[in-house]
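Asker: sequence unknown, structure follows:
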């Protein structure tokens, strides 16, 4: 069976959810081989095995951690040449797409980004992509080289399968090092899950009226164990930090539940959340386009609706 | 300093965008074209760097059909000094890999100390061009920058990461990719608009840039669209008007779907 390379995303040995999704997906096409960069592979091994990884290529050369993107792309190119995989999967994060882009140049192969599904086809893997703010569904394929696909996080449900996840050390050949990372700063997001990986996202918009009103969004998110998102109007006004912006020019999310509170649902915003599985909206304006997407909507004042919702959630938790 | 800013003309994101049934490529004709709004941050950053480094020159580089000239003029009216327009019918249908190849060919000819790109285009939304260009040109990639500092022969940026940011530095020449929020792009002034009409605009063909036609166009593309369709409208949801019980009803819905 041919190998499928899966680039792991992890923090200090803690395997990110999207990596479990990618290993699960890889099984449709061949034998999943995880590519692990940096330290922590021994800690992450069990998690990779749980989803059916056959092996884990471990490269912990310092350059992979210290330089921007280029060495990781070189490592993947090296493995593609040595192992001749049928497919390379990366997480469709900003950095994942950059790595994929450089890899595509190195191995002269086609790259598909932001895929929400990937299935075997007569001429190789067929990706489903959601384009133009989610208005159009496209199926596409790679017609030259080894297909490289950047999958949108939350697109696949991780499923358990037995795998050996045998650790196989590999060494990075010479790589152009390029830009050096001199400092890493982790932003405070408290105990909340990562925005792009969260199963539930609660987002606030212009209707929250300001940073004070936005506290209500955080409270609702915390009551549901959700990540907090914000519309562009909110981050432009400085009511909430930019890295939480959902939309065309922010992050793209695809959670099980997306709650849009005080968000009208302009195309700018829809582009970032339209593939969410369940959508709930609260807005004063019955004509707001967000209601066209909502599975459940409340037309009303969010400052009345959300506190009542919080109270109800509190009551139900006590039952 | 020789600063080149890459600019793409895209269909207006507010309009109904479609693919053509003939070849499944983006319909760029029936929709108004605009400068990719994320490129405006790249132009602004180029202008700011040029202002801080006397003797610098900002060149706009764009690949696209004749219509893309509108976006080039806008970039010039913001204050860029000159422009290069790579324009050839054979370029229609070129994918990201081919685009990076073609732009790198032109950049090799015109030379640069800095290449600046926006974070993505609002049509294809791949977010790969600064990475691909750095790879092709063999220079450092300093992308996802929310802050850029140039110091003679080196560049320092703040790179946005999934969980915060990284401080990154590299030598020049380099490819910089900027995210929005790095600056506030200026509006063209009347004077700027008038001046733009007289600024030098060079049109290059494939042959001028030494581009191999086999690497570009639909034929050179490494990916292809198999089929496409309008997303079926979502099944109409339940919309209720808050009569003092909106929060309770929302809770009921969430409980029914086992979210609480």
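Answerer: Thanks, I have the structure now. Here the structure is a predicted model, which means the values were calculated and not measured.

Asker: what sits against residue A:20?
Answerer: A:47, A:50, A:51, A:158 (CB atoms under 8 Å, 6 or more residues apart in numbering or on different chains). All C-beta spots, glycine's among them, are computed from the backbone N, C-alpha and C.

Asker: and the average pLDDT for the helix or strand hosting it is what?
Answerer: Under the criterion of DSSP states H and E, residue A:20 resides in helix A:17-26. On average, the pLDDT along helix A:17-26 is 97.

Asker: distance-wise, check the nearest residue to residue A:50 once chain neighbours are set aside relative to chain B.
Answerer: Nearest-residue entry for residue A:50: residue A:160, 5.7 Å, with adjacent residues in sequence omitted and distances by CB to CB, 6 or more residues apart in numbering or on different chains. Residue A:160 sits 21 Å away from chain B, going by CB to the nearest CB, to the nearest Å.

Asker: could you do residue A:255 as well?
Answerer: 10 Å.

Asker: wait, isn't that residue in contact with residue A:199?
Answerer: Yes - applying CB atoms under 8 Å as the test, residue A:255 and residue A:199 come out as touching, 5.5 Å apart.

Asker: which neighbours do these two have in common?
Answerer: With CB under 8 Å, 6+ apart as the test, residue A:255 and residue A:199 both reach residue A:154.

Asker: higher neighbour count, those two?
Answerer: residue A:255 (26 against 16; other CB atoms under 10 Å in any protein chain shown).

Asker: quick check: the gap between that one and residue B:47.
Answerer: From residue A:255 across to residue B:47, the span is 39 Å (CB to CB, to the nearest Å).

Asker: rewinding a little: how near is the residue nearest to residue A:50 to residue B:42?
Answerer: Per CB to CB, residue A:160 is found 45 Å from residue B:42.

Asker: out of the two, which sits in the busier spot?
Answerer: residue B:42 (29 against 11).

Asker: and the longest strand anywhere in chain B, what other elements does it pack with?
Answerer: With secondary structure taken from DSSP state E, chain B has its longest strand at strand B:141-151. Applying 3 or more CB pairs under 8 Å, 6 or more residues apart in numbering or on different chains; DSSP states H and E, we find strand B:141-151 packed against helix A:94-107, helix B:37-52, helix B:129-137, strand B:154-161, strand B:164-171, strand B:174-178.

Asker: elements contacting the longest strand along chain A?
Answerer: Looking across chain A with DSSP E, the single longest strand is strand A:111-119. Strand A:111-119 sits against helix A:94-107, strand A:126-131, strand A:136-142, strand A:148-151, with contacts defined as 3+ CB pairs under 8 Å, 6+ apart.

Asker: looking at those, which is closest to chain B?
Answerer: Go through those one by one with CB to the nearest CB and the one that ends up closest to chain B is helix A:94-107, at 3.1 Å.

Asker: model confidence over the closest one, on average?
Answerer: 97.

Asker: sorry, back to before: distance to residue A:248 and mean neighbour count for the helices and strands packed on strand A:111-119 - can I get that in TSV?
Answerer: Putting the helices and strands packed on strand A:111-119 into TSV (distance: least, CB to CB, whole Å; neighbours: other CB atoms under 10 Å in any protein chain shown) gives the following:
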stretch	distance to residue A:248	mean neighbour count
helix A:94-107	14	25
strand A:126-131	12	21
strand A:136-142	15	20
strand A:148-151	17	26
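
Asker: residue A:181: which of the ones you listed is closest?
Answerer: Among those, helix A:94-107 comes nearest to residue A:181, with 11.5 Å by CB to CB.

Asker: identify those among the contacts of residue A:20 that sit within helices.
Answerer: Using DSSP state H, the subset of the contacts of residue A:20 located in helices is A:47, A:50.

Asker: between which two of the contacts of residue A:20 is the distance greatest?
Answerer: Across the contacts of residue A:20 (CB to CB), the longest gap, 10.1 Å, separates A:47 and A:158.

Asker: out of these two, which sits in the more crowded spot?
Answerer: More neighbours surround residue A:47 than the other of residue A:47 and residue A:158, with 20 against 16 (other CB under 10 Å).

Asker: so who does that one touch?
Answerer: Taking CB under 8 Å, 6+ apart as the criterion, residue A:47 is in contact with A:15, A:19, A:20.

Asker: re earlier: which of the helices and strands packed on strand B:141-151 sits most buried?
Answerer: strand B:174-178 (a mean of 29; mean count of other CB atoms under 10 Å in any protein chain shown).

Asker: that strand vs chain A: in contact?
Answerer: Yes - remark: strand B:174-178 sits within contact range of chain A at residue B:174, by CB under 8 Å from any CB of the partner chain.

Asker: for the helix or strand that that strand is followed by, name the packing helices and strands.
Answerer: As assigned by DSSP H and E, the chain's next helix or strand after strand B:174-178 is helix B:190-196. Contact analysis of helix B:190-196 by 3+ CB pairs under 8 Å, 6+ apart lists helix B:69-78 as its packing neighbours.
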